[in-house]
Structures are given as structure tokens and as C-alpha cells.
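Colleague: Have a look at this prediction, sequence included:
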Amino acid sequence: MRLILTLSVLFLSPSVYSQFEKSEYFLRGTTSSAGSTAYGYVDGKNVIVQQSIGQSSIIGSAYSSEASAFQGFIQPNLLDKVLTPDVPQILEANLYPNPFVDQIFIEFDVLPETDINLNFFDIMGSVVWSHSYSSTDYIVVEPKNLSNGYYFLKVECDGVQRVEKILKNK
């Protein structure tokens, strides 16, 4: 399966950087679950193209007098479709196995006080499966009619949420 993603190019300088969706200087690389980074030099500016799938936000950054570097998820438009605004991403739960075939198990560290809402999103950010469960500390999820591929699973309860990239296999 080949994923085609629109990537952003960061032009970095000591004082400012601009983000471009499209550029004649666009650098490309292969996207994998581990991600990749390509470096270049364009019009006297350092250019870094980063790609990754699976993190729900930027997970690290580094700054120096000559450059800024960011590590993490590079599809903010997708996150806008998946995440519930103003709901913290701090839900503590174990989701396994990943990849899964027919079932995913979710174990909560603390018994939720509210119903548990699950949503599977495709890689374009559309909901493809949804279900609500009564409060429990263990759920067996059997999402029917999902084809093989990558999905984002959002678990939401008690005013917090968690998003995980998961893979459905045969």
C-alpha cells in the first residue's frame, strides 16, 4: 500500500521560518511508520523536509542560533478533523494488539466515570466506524467492515481523549 501525503517544507533561518504547502524547491522522501527527514540548501537557506505518521502532535523541538528543528506529526489539518477541540489528550489506557486482525482490547488505568466513545478515522480524517460503551475498565472492540490499512482510533471519556495510529491486518 502506498500513501501519498502532502508535505510541508520549512525554510529555516536564525530569526524566522515560513511554511509552504507547495514550492518549486519541494524535496521528497519515502513515508514509513518511522518517518524520514531530508536536508537541503536552497537560495542560501537551509531546507528540512520531515515526514512522519502516528504521533498526535509535535513531540520535540530544538533551536539554535542557526536553525529550528521539529519532530512529530506533520498533518495538522488531519488532527483538526480527528481531535475534539479543547479536550486534553491525556487519557491513560492500553490499546492492543497493534496491528490487529478482528479485535482490539482497551484497558483503562482508572475506571471511567462516563460513557466511552470510540471513533475510527481513515487517513483522510473521515469517521469510518463509531461506537459508545458504558463505563468499564476493559473493552473488546470488534470494528466490523474495516478494510486492511491504517486508521486513527480516538478514545474519549471523562473529558479527555487519546488518539492512536493502528493497523488492521488480514
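Modeller: Sure thing, it's come through. Just so it is clear, the structure is predicted and the values come from calculations on it, not from any experiment. Numbers count the residues shown, from 1 in each chain.
Colleague: make it CA atoms for all contacts and neighbour counts henceforth
Modeller: Fine.
Colleague: quick one, strands of this protein?
Modeller: Along the chain, counting by DSSP state E, strands occupy 9-12, 17-20, 36-42, 45-51, 58-63, 68-72, 93-96, 104-108, 116-121, 127-133, 138-141, 149-157, 160-168.
Colleague: for stretch 120-134, how far is the first residue from the last?
Modeller: One end of stretch 120-134 to the other measures 18 Å (C-alpha to C-alpha, to the nearest Å).
Colleague: And it, what's buried?
Modeller: Using 16 or more other C-alpha atoms under 10 Å as the test for burial, stretch 120-134 gives Phe120, Phe121, Asp122, Ile123, Gly125, Val127.
Colleague: how about Gly125, what does it touch?
Modeller: Neighbour list for Gly125: Leu78, Leu79, Lys81, Val82 [criterion: C-alpha atoms under 8 Å, 6 or more residues apart in numbering].
Colleague: residues in contact with Phe105?
Modeller: Contacts here follow C-alpha under 8 Å, 6+ apart; on that basis Phe105 touches Asn94, Leu95, Tyr96, Pro97, Tyr138, Ile139, Val140, Val141.
Colleague: which stretches of the chain have low pLDDT?
Modeller: By pLDDT under 70, the low-scoring segments of the chain are 1-38, 47-77.
Colleague: Quick check: can you list the domain ranges of it?
Modeller: The record's domain parsing of the chain by automatic domain parsing lists 9-74, 80-168.
Colleague: Provide a list of residues in contact with Phe120.
Modeller: By C-alpha under 8 Å, 6+ apart, the neighbours of Phe120 are Val127, Val128, Trp129, Ser130, Tyr151, Phe152, Leu153, Lys154.
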